[in-house]
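Trainee: Give me the fold of what follows.
(2 chains)
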Number of protein chains: 2
Amino acid sequence: MDVGRRIETALDVAVSHLEAPGAPPQLAEAIRYAVFPGGHRIRPRLCLAVALACGDDDPAASDAAAASIELLHCASLVHDDLPCFDDAATRRQKPSVHAAFGVPLAVLTGDALIVAAFETLARGAARRPERLAALVGLVARAAGSPAGIVAGQAWESESYVDLSAYQQAKTGALFAAATVAGAAAAGAAPLPWRLLGECLGEAYQVADDLRDVACRQEEIGKPAGRDATLGRPNAAALLGMGGALDRLKRLTREAIEVIPTCPGLETIRAEIEAQSRLFLPASLRPALV
Amino acid sequence: MDVGRRIETALDVAVSHLEAPGAPPQLAEAIRYAVFPGGHRIRPRLCLAVALACGDDDPAASDAAAASIELLHCASLVHDDLPCFDDAATRRQKPSVHAAFGVPLAVLTGDALIVAAFETLARGAARRPERLAALVGLVARAAGSPAGIVAGQAWESESYVDLSAYQQAKTGALFAAATVAGAAAAGAAPLPWRLLGECLGEAYQVADDLRDVACRQEEIGKPAGRDATLGRPNAAALLGMGGALDRLKRLTREAIEVIPTCPGLETIRAEIEAQSRLFLPASLRPALV
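Mentor: Here you go, the predicted structure:
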């Protein structure tokens, strides 16, 4: 099965468990709506790419790791879009979850997806308890506080913002989790893979800033120009378009260079190059060459 | 160390990790505010009572299980109090988290506490990976959907409510998790302990209904009469005070009877009797005799 198919299948299995008989029907519907159809699934693709590079000797564990990362990403999108944060009416070319289902179910959808991330790990790595123990710790660190995506979002409520902590937590943490969890799921040492995830997280942040400044809403599926509206820092605004593109290119090169030695080194290099091109929407990709 | 002290210490350790250098300060403050000072800590007491009855051969694992259950309970209180749900201005005799810190930080406090529950398990049971695997699955089931506290809250957004599924998920699930997680943390088979948790969860629900109908806000630390205001089912309203008290007594007796055979049977029987008296506030306890 190709990687994209593995990810969609693993997510479908995870979401199906939340639709079992007895589930509140609207919550079940909102959860599926929040997860499907997805975006580029960049984080779970990265997770599986690392697992494959490390031998992928237990695909159920790797799939669970990849799905848990994407479920947490979806949870953060649902909560970040709430009226009390970004107040975003659209996401992935359709109404955001609270716009479609109301604020109460959007709060609960995010909550359920956070829990489902850990339940998915417990189910998929049940036959490998030592790997599961590592995975729960690595994924929790990327999700919570002091340094995960919840902490990242919380920096927006602070009057003094530590910019590097903010971006590292809000974007970098889940990319780093994708790489270390991919390694842990395949029984490899996770830590050597952290730097790759951190580089790619920073690159993604720059690309996201470029999209926010340079693209129209129709292309990126969510409102454009939000950083300026909400007074958030933006690399393209700070460095100019050319400066931000240079930075993105440099970070992508760095990412390729820091990939640890592993059985599938050539394959994962090509995969990371291909994936990082997807960070930018089609209209901006020619500028990367 | 006595049980109450063990619980407060385990919770303090869990919360301290969320206050590590680099944490967003207001989020860290809100998290501590949500967890301390606590209520009767009924669920973690139950969890430790079961762990002790099963031999408690790894106190770090038992403490982590107890703390994770209480962190999830605190998370659910913070989110349930939000304006989009119960809109409760007070909780545990002080302003609710959103009243004190604003809605955005209250949403994130709940999120962070959910993640912290699993991180606490991963940390406390790291040396017992097989037990950790069981614990993550059991705790996740009680927290999420289709049958955990998130699903329980989601039933309030449905036009047709399955009353038994609602109460079982909203209250029963975490009591059942407390007993099965206590057993699993001590290396015992968890399933025989589920019925005890379910009985006590149902008893607690009846007691909570009695408090809502019969007590003043000053005694219970949160607004009274909310079920009638919000149109929610209430055992004391349905059965009358006497009927609800009879039901509570019967459920408590049943709970004592279904305790599985275990090394510490006499002690846990006494403990359950003592704890279940705490379900009711002081003014209603004489009616139990």
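Trainee: which stretches of chain A form strands?
Mentor: A:90-91, A:94-95 (DSSP state E).
Trainee: a markdown table please, covering those strands and showing mean pLDDT and distance to chain B.
Mentor: C-beta here means a position set from N, CA and C on the backbone, and glycine is covered the same way. What follows is the strands of chain A, written out as a markdown table (pLDDT from 0 to 100; distance: least, CB to the nearest CB, whole Å):
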| stretch | mean pLDDT | distance to chain B |
| --- | --- | --- |
| strand A:90-91 | 94 | 17 |
| strand A:94-95 | 96 | 17 |
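Trainee: Using CSV, list the CA coordinates for the worst-scoring helix or strand of chain A on mean pLDDT.
Mentor: Of all the helices and strands that make up chain A, helix A:217-220 has the lowest average by mean pLDDT, DSSP states H and E, namely a mean of 74. Extracted C-alpha coordinates of helix A:217-220, given in CSV (Å, rounded to 0.1, in the frame of the first residue of the first chain):
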residue,chain,number,x,y,z
GLN,A,217,-8.0,32.6,0.1
GLU,A,218,-9.2,30.3,-2.8
GLU,A,219,-5.7,28.8,-3.1
ILE,A,220,-4.9,28.1,0.5
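Trainee: That helix: which residues count as buried?
Mentor: Neighbour counts using 16 or more other CB atoms under 10 Å in any protein chain shown place residue A:220 of helix A:217-220 among the buried residues.
Trainee: Contacts for that helix, please.
Mentor: A:90, A:211-212, A:223-224, A:281-283 (CB atoms under 8 Å, 6 or more residues apart in numbering or on different chains).
Trainee: Counting neighbours, what do you get for residue A:269?
Mentor: Other residues near residue A:269 come to 16 when the count uses other CB atoms under 10 Å in any protein chain shown.
Trainee: quick one: contacts for the residue nearest to it when sequence neighbours are not counted?
Mentor: When the adjacent residues along the chain are set aside, residue A:269 lies closest to residue A:256, with 5.7 Å between them (CB to CB, 6 or more residues apart in numbering or on different chains). If you count contacts by CB under 8 Å, 6+ apart, residue A:256 has them with A:269, A:272-273.
Trainee: Who wins on neighbours among the contacts of helix A:217-220?
Mentor: The most crowded member of the contacts of helix A:217-220, judged by other CB under 10 Å, is residue A:212 (22 neighbours).
Trainee: That one touches residue A:233, doesn't it?
Mentor: No: under the contact definition of CB atoms under 8 Å, residue A:212 does not touch residue A:233, with a separation of 11.0 Å.
Trainee: Mutual contacts of the two, please.
Mentor: Taking CB under 8 Å, 6+ apart as the contact criterion, the common neighbours of residue A:212 and residue A:233 are residue A:227.
Trainee: Now do the contacts for the closest residue to residue A:207 other than its chain neighbours.
Mentor: Setting aside the residues directly before and after it, residue A:207 is nearest to residue A:279 in space (CB to CB, 6+ apart), at 3.7 Å. With contacts taken as CB under 8 Å, 6+ apart, residue A:279 has the following neighbours: A:42, A:203-204, A:207-208, A:248.
Trainee: Most widely separated two among these?
Mentor: Pairwise distances across the contacts of residue A:279 peak at 14.2 Å for A:42 and A:248 (criterion: CB to CB).
Trainee: ok, the closest residue to chain B within the stretch 151-289 of chain A - contacts?
Mentor: When you check the stretch 151-289 of chain A against chain B by CB to the nearest CB, the closest residue turns out to be residue A:154, at 3.8 Å. Remark: with contacts taken as CB under 8 Å, 6+ apart, residue A:154 is in contact with A:145, B:24, B:26-27, B:104-105, B:108, B:112.
Trainee: could the residues you listed go into a markdown table alongside pLDDT, neighbour count and distance to residue A:37?
Mentor: Written out in a markdown table, the entries for the contacts of residue A:154 read as follows (pLDDT from 0 to 100; neighbours: other CB atoms under 10 Å in any protein chain shown; distance: CB to CB, whole Å):
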| residue | pLDDT | neighbour count | distance to residue A:37 |
| --- | --- | --- | --- |
| A:145 | 96 | 31 | 30 |
| B:24 | 95 | 29 | 33 |
| B:26 | 97 | 19 | 36 |
| B:27 | 98 | 27 | 32 |
| B:104 | 98 | 20 | 28 |
| B:105 | 98 | 28 | 32 |
| B:108 | 98 | 31 | 27 |
| B:112 | 98 | 34 | 29 |
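Trainee: These in helices, which ones?
Mentor: Counting by DSSP state H, the contacts of residue A:154 place B:26-27, B:104-105, B:108, B:112 in helices.
Trainee: will you turn these into a markdown table that also has distance to residue B:72?
Mentor: Formatted as a markdown table, the ones in helices among the contacts of residue A:154 follow (distance: CB to CB, whole Å):
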| residue | distance to residue B:72 |
| --- | --- |
| B:26 | 22 |
| B:27 | 18 |
| B:104 | 21 |
| B:105 | 19 |
| B:108 | 16 |
| B:112 | 12 |
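Trainee: Let me know the closest of the residues you listed to chain A.
Mentor: Comparing the ones in helices among the contacts of residue A:154 against chain A with CB to the nearest CB places residue B:27 closest, at 3.8 Å.
Trainee: could you measure residue A:120 against residue B:144, distance?
Mentor: 10 Å (CB to CB, to the nearest Å).
Trainee: And the helices in the stretch 51-200 of chain A?
Mentor: Taking DSSP state H, counting those that start in this stretch as the test, the helices found in the stretch 51-200 of chain A are A:59-80, A:97-101, A:103-124, A:129-143, A:149-154, A:163-167, A:173-185, A:194-214.
Trainee: Out of these, name the one with the poorest average pLDDT.
Mentor: Per-segment confidence across the helices of the stretch 51-200 of chain A bottoms out at helix A:163-167, which has a mean of 83 in mean pLDDT.
Trainee: for residue A:255, what are its contacts?
Mentor: Neighbouring residues of residue A:255 by CB under 8 Å, 6+ apart: A:196, A:199-200, A:203, A:272, A:276.
Trainee: for the residue nearest to it when sequence neighbours are not counted, what are its contacts?
Mentor: Using CB to CB, 6+ apart and skipping the chain neighbours, the partner closest in space to residue A:255 is residue A:199 (3.9 Å). The contact partners of residue A:199, taken as CB under 8 Å, 6+ apart, are A:251-252, A:254-255, A:258.
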